[in-house]
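# my questions concern the predicted model and sequence given below.
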Amino acid sequence: MNQNTDFIPFARPCLGVEEEEAVIQVLRSGWLTTGGVTKSFEEEFARFCGSKFALAVNSATAGLHLSLEALGVGPDDWVITTPYTFTSTAAVVKHLGANPLFVDIEKESFNISVQRIEEALHKHGGSKRIRGILPVHVAGHPCRMDHIMSLAEERGLFLVEDAAHAFPSRSSWGFIGTLGTLGVYSFYATKTITTGEGGMVVTNKEELARRISLMRLHGIDREIWNRYTSPTASWQYSVVEPGFKYNLTDLASAIGRAQLRKADRFLEKRKAIARIYTQHFQDRSYLTIPPEADGHAWHLYLLRIVPHKLRITRDEYIEKLREKGIGTSVHFIPLHLHPYWKRTYGFEPEDFPEALKKYREVISLPIYPSLTESHIERIIQAVLQIGDAHYKQ
C-alpha cells in the first residue's frame, strides 16, 4: 500500500518526544507507580479546569465508581442516566447495588433529554428513591447543563458529569465536567488526551475529594507512595475502609502531563477537521451532520445517514468505507440493546426510540490531530463516493 491507499485508523494517539522524554525520566527515577509525578499531574489538571480538587485514577470507569461511592449511592437507589453511552456509565451504578433509570436522548443531539428527565422525575419520584443525575456529554457535545443543574438543585439531587468525551470543553456555563457535584474525564487511548489507560475526577467539595482519595487505594488512611524511597517516611499505615485499587501510575501521569500541555492545540485541530467535514457533507441530502454547540470538544464526529435516501444500510456503508481503507466506529450501541441490560430490566428496542434511531444511522469518522490533509481528503471522498453511488434518485 502507498500513502494514498494505506488504512486510516479510526483513532490514533498523538504522541511526541515530550511524552517519550517524560516517560524516560520516570523510568530513570527509580519509582514507577503513583508518586510525585501523579501529584503534579493532579495539581496541573485542577488549575487547567479551575477545580479545587483533581484526583487521578486508572480509568474513567474507576472515577465514576468512586464518585458514586463517595456520594453514598447504594441498594434501592436510582440514578437517572442515558442508554446512549458506554456500559461503564451504568455498570458502576449496579456495582453499588443501585439501579440506573434510563431516559431517552433528545432529537437535537446524542445527549440525554431534559424533557425526559423531567418526565422520569414526575413519574417515578414518588415510587423510586432517585438520588441523582448522571449526564453524558456524548462526542464532546455539552448537555443542556443549565436546565439539568436547575433540575438537580430543585430536587436536591447530586449531579455527576460523565465528561469522558468532553475535554477540554469551555461553555458559557463554565468548564464542562466542573459544573456538577463531581465530574469524570477519560484518558483512554482513543480520547482527546491520553495516558493509555486513566482518568481524572474533579470536584470543589473537600469531603468528597478526601473520600475518593481514601477509596482509590485500598482504603489506606494516608499517602504511602514514598514509604519505600524516603529515609523519613514511615512503614506504618492503617486500612480504615475496604477500598479499591484505582490509582494512576507515575508512568501514565508523565504522559498525561505532556498531553495536557497540548490539549488546546489538539482541540483546535479537531475543530478544524470538523469544520472541513461539515462543509463537504452538509449539502448531501442523504447525510445528517452533527450539531454544533458552544464548547464542543469534538472528540467524535458523528455523521448520520438518512436511510430512506440510500440503497444501502449503515452497516453496508461502514463496510464500503473499510474497503476504501477508512476506519470507522459506531457510538453507541444503546445499552438497552445489550443482553445484560435487556435481560435485567426487560427492555425492548423501541423503549428508547430516539436512541435506537440514531444508533441505526450513525457512523463515527476519524477526527484526531495527526490526520493529514491527504487523510482528510481521502475520508471525505470515500464518504461522498459511496453515498453518491447509492443515492436514491
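Looks like it came in fine. Numbering: from 1, shown residues only.
# next, the contact list for residue 257, please.
22, 37, 40, 41, 44 (C-beta atoms under 8 Å, 6 or more residues apart in numbering). In short, each C-beta sits where N, CA and C put it, glycine included.
# looking at those, which is nearest residue 209?
Comparing the contacts of residue 257 against residue 209 with C-beta to C-beta places residue 41 closest, at 15.3 Å.
# gap between that closest one and residue 353?
Going from residue 41 to residue 353 by C-beta to C-beta, to the nearest Å gives 42 Å.
# of those two, who's got more company?
The neighbour comparison of residue 41 against residue 353 (other C-beta atoms under 10 Å) goes to residue 41, with 27 against 11.
# the spatially closest residue to that one that is not a sequence neighbour sits in which helix or strand?
Closest residue to residue 41 in three dimensions, ignoring its sequence neighbours and counting by C-beta to C-beta, 6 or more residues apart in numbering: residue 253, at 4.1 Å. If you go by DSSP states H and E, residue 253 is part of helix 250-260.
# and that helix, average pLDDT?
Taken as a whole, helix 250-260 has an average pLDDT of 98.
# which other residues reach whatever helix or strand comes next after it?
Using DSSP H and E, the next helix or strand after helix 250-260 towards the C-terminus is helix 263-281. Applying C-beta under 8 Å, 6+ apart, the contact partners of helix 263-281 are 14, 48, 167-168, 192-193, 287, 289-290, 296-299, 301, 303, 365, 367-369, 371, 376, 379-380, 383-384.
# same thing but at 6 Å, please
For helix 263-281, the surrounding residues in contact (C-beta atoms under 6 Å, 6 or more residues apart in numbering) are 168, 193, 287, 289, 298, 301, 367, 369, 376, 380.
# same question, stretch 205-214
By C-beta under 6 Å, 6+ apart, the residues outside stretch 205-214 that reach it are 53, 55, 66, 70, 201, 203.
# tell me which of these is nearest to residue 84?
Relative to residue 84, the closest of the contacts of stretch 205-214 is residue 201; by C-beta to C-beta it sits at 22.5 Å.
# what ranges do the helices span in the stretch 251-393 of the chain?
Along the stretch 251-393 of the chain, the segments classed as helices by DSSP state H, counting those that start in this stretch run 263-281, 314-323, 339-345, 353-361, 373-389.
# I'd like those helices as JSON lines, with distance to residue 248 and mean pLDDT appended.
As requested, these are exported to JSON lines (distance: least, C-beta to C-beta, whole Å; pLDDT from 0 to 100):
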{"stretch": "helix 263-281", "distance to residue 248": "17", "mean pLDDT": "98"}
{"stretch": "helix 314-323", "distance to residue 248": "34", "mean pLDDT": "98"}
{"stretch": "helix 339-345", "distance to residue 248": "28", "mean pLDDT": "98"}
{"stretch": "helix 353-361", "distance to residue 248": "32", "mean pLDDT": "98"}
{"stretch": "helix 373-389", "distance to residue 248": "32", "mean pLDDT": "98"}
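# of all the ones you listed, which lies closest to residue 6?
Nearest to residue 6 among those is helix 373-389; the distance by C-beta to C-beta comes to 9.1 Å.
# now do the buried residues in the closest one.
If you call a residue buried by 16 or more other C-beta atoms under 10 Å, then helix 373-389 has these buried ones: 375, 376, 378, 379, 380, 382, 383, 386, 387.
# likewise for stretch 190-204?
By neighbour count with 16+ other C-beta under 10 Å, stretch 190-204 contains the buried residues 190-195, 197-204.
# and the end-to-end length of that stretch?
28 Å (C-alpha to C-alpha, to the nearest Å).
# related to what we said a few turns ago, wait, doesn't the residue nearest to residue 41 sit right on residue 42?
No - using C-beta atoms under 6 Å, residue 253 is not in contact with residue 42, being 8.2 Å away.
# neighbour-wise, which of those two wins?
residue 253 (29 against 21).
# neighbours of residue 10, how many?
Taking other C-beta under 10 Å as the neighbour definition, residue 10 ends up with a count of 16.
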